[in-house]
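Peer 1: pasted the sequence and its predicted model underneath.
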Amino acid sequence: MNVLVAGGAGFIGSNFINYILSTRDDYLIVNLDKLTYAGNLENLKLCEKNKNYHFVKGDITNNELADYLFKKYEINFVINFAAESHVDRSILGSEVFYRTNVIGTNVLLEAARRYNVKKFLQVSTDEVYGSLGSTGLFTEQTPLSPNSPYSSSKAAADMAALAVHHTYGLPVVITRCSNNYGPFQFPEKLIPLMIINSLNNKKLPVYGDGLYVRDWIYVIDHNKAVELVFEKGRAGEVYNIGASREMKNIDIVKLILNKLGKSEELIEYVKDRPGHDRRYAIDSSKIQNELGWKPKFEFEQAIDSTIDWYLQNKNWWERIISGEYKKYYEVQYGIY
Ligand code: NAD
Ligand code: DAU
């Protein structure tokens, strides 16, 4: 299988490549990544010398590059992780979200169509469904109702992918997963941000009342589901992925402080995210019943090992937070 993995230097994509190349020898992976602020080749050190791995620095919106790569590497499969992925950044400025997430996905779909790709997996998100009240779960039948520039761009990409399947018969599958956590997650996201600020004795900025709910899944469980849908998912179908682990933000923040032996006085309630979705929760019975997937990691153990990973990989995140991330932090949070 010659697989173009787009966005493989980010959090989930790099965990995917590390996992696949350590467990399979039938994948030749070409990782196409622009190396935006979120892309980091340090995440892929283990793969550098693997003969089944090639890295190409490039933008998924570049038609000519896509054409060149599909031809050169005889690409017959695509997994698209590439995206601008952070909701708060999409609120600060949406243009690059539509460019990468919508136009970029369409460039890959068009190239896949020209080269008769056998499977195209679009990595989507549960945020395309919008927000839940205090009860209920997102199923694959839940109408799309995205609320942020980020989620609306992801919903548009899903529609583009399904349209290419419907119109031209490209074998497209879509995964919609809930909130991931684990190694190599960029410090702008809730869990790494709270771990790193705690370690640095900085304030922990909790949006609004802190009672917003997310449904957490360990990144390896997500990636095993991606592998399964990629290989066995039916063309034209959407598969929700989630580990049924709903948590209020404030409970996660307290848990992290507690595990690191820090005081809850570090918590600071700050201005809410505009248009903040109240609750996400996933019904993953389709992938469980149809493909036999089950999450393996318990939240309590996996959050512990995630905290440990950040403790043991200070160099990785210290380099990030001392660079251009500083500017983003000032704009988003002001200076503490
Ligand atoms: P990330 O921001 O950590 O990584 C995104 C990667 O895409 C980076 O390596 C970046 O350099 C690359 N990229 C961005 N624009 C590009 C472009 N124009 N061309 C080529 N590469 C480009 O994101 P992540 O958290 O790993 O998310 C990966 C995918 O999974 C995204 O599509 C996201 O929408 C989806 N997703 C994320 C989560 C989550 O909790 N993080 C949950 C569900 C779905
Ligand atoms: O649900 C899947 C989505 O999960 C993915 O599609 C996105 O790519 C990913 O970024 C994530 O989106 P969220 O907006 O849910 O994740 P984030 O880590 O930004 O925020 C999680 C919750 O924590 C949310 O309710 C906002 C809150 N939060 C976040 C930050 C960064 C805070 O209270 N304070 C913060 O500083």
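Peer 2: Now that the structure is in, tell me what you want to look at. Ligands and ions are numbered 1, 2, ... in the order given.

Peer 1: now the helices for this structure?
Peer 2: 11-23, 63-72, 87-92, 95-97, 105-114, 149-168, 190-199, 219-232, 249-259, 285-291, 299-312, 314-321, 325-333 (DSSP state H).

Peer 1: distance check, the closest residue to ligand 1 within the chain against residue 64.
Peer 2: The chain approaches ligand 1 most closely through residue 10 (1.9 Å), counting by C-beta to the nearest ligand atom. C-beta here means a position set from N, CA and C on the backbone, and glycine is covered the same way. Residue 10 sits at a distance of 23 Å from residue 64 (criterion: C-beta to C-beta, to the nearest Å).

Peer 1: the more surrounded of those two?
Peer 2: Taking other C-beta atoms under 10 Å, residue 10 and residue 64 do not tie; residue 10 has more neighbours (25 against 9).

Peer 1: quick one: the more buried one and residue 85 touch, right?
Peer 2: Yes: Residue 10 is within contact range of residue 85, at 7.1 Å (criterion: C-beta atoms under 8 Å).

Peer 1: that older thread, ok, the residue of the chain closest to ligand 1 - contacts?
Peer 2: For residue 10, the contact set (C-beta atoms under 8 Å, 6 or more residues apart in numbering) comprises 33, 38, 39, 40, 43, 81, 82, 85, 186.

Peer 1: roughly how far does it sit from residue 84?
Peer 2: 10 Å.

Peer 1: quickly list what's touching both of the two.
Peer 2: Common neighbours of residue 10 and residue 84 (C-beta under 8 Å, 6+ apart) are residue 38.

Peer 1: up against ligand 1, what does this structure have?
Peer 2: Residues of the chain lying close to ligand 1 by C-beta under 6 Å from any ligand atom are 6-7, 9-13, 33-36, 38-39, 59-61, 81-85, 100, 104, 123, 125, 154, 177, 179-180, 186.

Peer 1: read off the pLDDT value for the closest residue in space to residue 83 that isn't next to it in sequence.
Peer 2: Leaving aside its sequence neighbours, residue 83 sits nearest to residue 101 (C-beta to C-beta, 6 or more residues apart in numbering; 5.0 Å). The model reports residue 101 with a pLDDT of 99.

Peer 1: next: the one 3 residues further on.
Peer 2: At residue 104, the pLDDT value in this model is 99.

Peer 1: just checking, it touches residue 58?
Peer 2: No: with contacts counted by C-beta under 8 Å, residue 104 stays clear of residue 58, the gap being 10.7 Å.
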